[in-house]
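S.K.: sequence below, structure please.
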Amino acid sequence: MSELNGVKVSVQSVGKTFNTRARGHLIAVDKISLDIHTGKFIGFLGPSGCGKSTLLRMIAGLEEPTAGQILIDGRAVDGPQRNVGMVFQSYSLFPWLTVRQNVGFGLTVNGSNFSQDQQNEIIDAMLDMIGLKDFENVYPATLSGGMKQRVALARTLALRPGLLLLDEPFGALDAQTRIVLQDQLLDIWQSLDTTICFVTHDIEEALLLSDIVCVFSARPARIKKIVENPFPYPRNRIIQTDPEFIRNKIEIFELIKEDVYSALHLNQ
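M.R.: Purely as a prediction, here's the structure:
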C-alpha cells in the first residue's frame, strides 16, 4: 500500500480524453505518473490550458481518468473523499451565510462527527488562524477578495483534510494581497499535518511555496521536469535574490516558453 511508503498520492499512468463536438477526441492529460509524499507541498506549473487543473480535479475525484488510476493513501480514487479538501480560484462562498457560518458549513454538513462545542472550537480556531475573528458576523458581499479567499481556505481546513488541493487560489488577487496570502498559506501548512498540491501559473510563487515544482508541457499535459526546491523551510522572500533561485526561475521559464511559442506557432 502506498501509505506504507510515505506516499500520499500515487498517480499511475493517468490520462484524460474529452469528447468534443468541434474537435473530436481531445487529450488533456497523457500518461502522467507521479508520487506525492505525505506532508509535502508540490506545485503544478505549466502553460495556460495545459491540463494541470484537470489532473488536480482527477486527484480530487471530480473527474474520472480515461486511463490509469490515482491512489490516495493506497486506495483508488472513485469520487470525492472526506479527507481531501479543494479550494478554487473563485471564492464559492454562500452569500446568505456570515463568515462564521461559511467557515463552519462543512462541519454542519458533517455534523454527526462533531458536537456543537467541537464545531465552535474548530471555527474559532480557523477564524483566529486567518485573522478574521472580528469579521465573523459579516456577510461575504462586504469582504475584499483576499478576505473572501481566506474564508474559503478556512472552510476547507476546518475539516482537517489530509490532502489540500489548491487550484490557482490567489490568481484573481492583487499583487500585495497575493504576497500576504502566500505567506499565510505557508504558516498554515506548517502548523497543520497536511499535504498540499498547488496549481499556479506564477513561477516565483511555485518556487517560493513548494518543496517540489512539477513542470508540465503544453496540452496534453506531460511531466516535462520536476524541480527540487533547495531552500528549506521556513523561507522568506530574500531567497528570490539568491542565484540558485534565479537559475531555477530561468530554467522553468525556458521550459514553459518553448511550449507557449510552439502552441502559438511562433519562431523563437
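
S.K.: which parts of the stretch 51-200 of the chain are helices?
M.R.: In the stretch 51-200 of the chain, the segments counted as helices under DSSP state H, counting those that start in this stretch are 52-60, 99-103, 105-109, 116-130, 145-157, 175-191.

S.K.: if you average pLDDT over each of the ones you listed, which is lowest?
M.R.: Ranked by mean pLDDT, the helices of the stretch 51-200 of the chain bottom out at helix 105-109, which scores a mean of 82.

S.K.: packing partners for it?
M.R.: Helix 105-109 is packed against helix 116-130, helix 145-157, with contacts defined by 3 or more Cβ pairs under 8 Å, 6 or more residues apart in numbering; DSSP states H and E. The C-beta positions use only the backbone N, C-alpha and C, and glycine is treated the same way.

S.K.: any regions of the chain where pLDDT drops low?
M.R.: When the per-residue scores of the chain are filtered using pLDDT under 70, the ranges that remain are 1-5, 23, 110-112, 260-268.

S.K.: pick out the residue nearest the middle of it.
M.R.: Relative to the mean C-alpha position of the chain, the nearest C-alpha, by Cα atoms, centre = their mean, is the one of Leu166, at 2.0 Å.

S.K.: who's the nearest residue to it once chain neighbours are set aside bridged to?
M.R.: Nearest in space to Leu166, with sequence neighbours left out and distances taken as Cβ to Cβ, 6 or more residues apart in numbering, is Phe198 at 4.6 Å. Beta bridges link Phe198 to Gly43, Leu166, judged by DSSP bridges.

S.K.: report how many residues lie close to Phe198.
M.R.: For Phe198, the count of nearby residues is 25 (other Cβ atoms under 10 Å).

S.K.: now swap in Glu258 and tell me
M.R.: When neighbours are counted by other Cβ under 10 Å, Glu258 comes out with 15.

S.K.: Ala76: neighbour count?
M.R.: Applying other Cβ under 10 Å, we find 10 residues neighbouring Ala76.

S.K.: in contact with the nearest residue to Gly171 once chain neighbours are set aside, which residues?
M.R.: Counting by Cβ to Cβ, 6+ apart, Gly171 lies nearest to Gln89, which is 4.8 Å off, once chain neighbours are set aside. The neighbours of Gln89, taking Cβ atoms under 8 Å, 6 or more residues apart in numbering as the test, are 167-169, 171-172.

S.K.: give me that answer again for 6 Å
M.R.: Applying Cβ atoms under 6 Å, 6 or more residues apart in numbering, one finds that Gln89 lies in contact with 168, 171-172.

S.K.: just name the most buried of the helices and strands packed on helix 105-109.
M.R.: The highest mean neighbour count among the helices and strands packed on helix 105-109, using mean count of other Cβ atoms under 10 Å, belongs to helix 145-157: a mean of 23.

S.K.: name the helices or strands packed onto it?
M.R.: strand 84-87, helix 99-103, helix 116-130 (3 or more Cβ pairs under 6 Å, 6 or more residues apart in numbering; DSSP states H and E).

S.K.: right, and the ones you listed - which one's nearest Glu254?
M.R.: When those are compared by Cβ to Cβ, strand 84-87 sits nearest Glu254, at 30.1 Å.

S.K.: mind listing what's buried in stretch 170-183?
M.R.: Using 16 or more other Cβ atoms under 10 Å as the burial criterion, the residues of stretch 170-183 that qualify are 170-171, 173, 177-178, 181-183.

S.K.: ok, those vs Leu62, which is closest?
M.R.: So of these, ranked by how close each gets to Leu62 (Cβ to Cβ), first place is Gly171, at 18.4 Å.

S.K.: how close does the closest one sit to Cys50?
M.R.: 15 Å (Cβ to Cβ, to the nearest Å).

S.K.: again, but for Leu173
M.R.: Taken as Cβ to Cβ, the span from Leu173 to Cys50 is 22 Å.
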